[in-house]
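**Q** quick one: sequence and predicted model below, then my questions.
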Amino acid sequence: MNVLALPNGPTLSELASAGVRRVSTGSALAACAYRALMDAAHELLNEGTSHFAEHCITRRALEIAFS
């Protein structure tokens with residue numbers, strides 16, 4: 001069984017115990033990334049600061065994730 005993960009839906013363990021084998025996030029992961037991009041752009045434009053860079057993923061973490 002395949003399901004779409006929702007913000008207030010069951011946890012992955014609950015879904016697995018119900019027989020779910022595949023969980024999709026739909027566009028949620030991309031939407032989160034775009035939100036971070038927009039927040040960073042607004043901070044830079046409106047405040048002139050770049051504190052958003054404190055929350056960046058490391059290059060090494062990206063290499064591991066995509067290898």
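**A** Looks like it arrived, so ask away. Residues are numbered from 1 along each chain as shown.

**Q** ranges for the strands of this protein?
**A** Counting by DSSP state E, the chain has strands at residues 2-4, 22-24.

**Q** give the residue farthest from the middle of this structure.
**A** Within the chain, the residue lying farthest from the chain centre (CA atoms, centre = their mean) is Gly48, at 25.4 Å.

**Q** quick one: the helices in this structure?
**A** Using DSSP state H, the helices of the chain run over 12-17, 28-42, 59-65.

**Q** that older thread, tell me which of the strands of the chain lies nearest to Ile64.
**A** Ile64 lies closest to strand 22-24 among the strands of the chain, at 21.9 Å (CB to CB). Where C-beta positions appear, they are placed from N, C-alpha and C, glycine not excepted.

**Q** pLDDT averaged over the closest one, what's the number?
**A** What strand 22-24 shows for mean pLDDT is 96.

**Q** mind putting the helices of the chain into CSV with mean neighbour count?
**A** Output for those, formatted as CSV (neighbours: other CB atoms under 10 Å):
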stretch, mean neighbour count
helix 12-17, 11
helix 28-42, 11
helix 59-65, 9
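
**Q** switch the ones you listed over to JSON lines; also include distance to Met1 and mean pLDDT.
**A** Shown next, in JSON lines, are the helices of the chain (distance: least, CB to CB, whole Å; pLDDT from 0 to 100):
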{"stretch": "helix 12-17", "distance to Met1": "9", "mean pLDDT": "96"}
{"stretch": "helix 28-42", "distance to Met1": "19", "mean pLDDT": "96"}
{"stretch": "helix 59-65", "distance to Met1": "27", "mean pLDDT": "96"}
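
**Q** quick one: closest of the ones you listed to Phe52.
**A** Of all the helices of the chain, helix 28-42 sits nearest to Phe52, with 3.7 Å by CB to CB.

**Q** list the contacts of the closest one.
**A** Helix 28-42 is contacted from outside by Ala5, Pro7, Ser50, Phe52, Ala53, His55, using CB atoms under 8 Å, 6 or more residues apart in numbering.

**Q** now do the residue nearest the centre of the chain against Leu45, distance only.
**A** Nearest to the mean C-alpha position of the chain, by CA atoms, centre = their mean, lies Leu29 at 4.1 Å. From Leu29 over to Leu45 the distance is 25 Å, taken as CB to CB, to the nearest Å.
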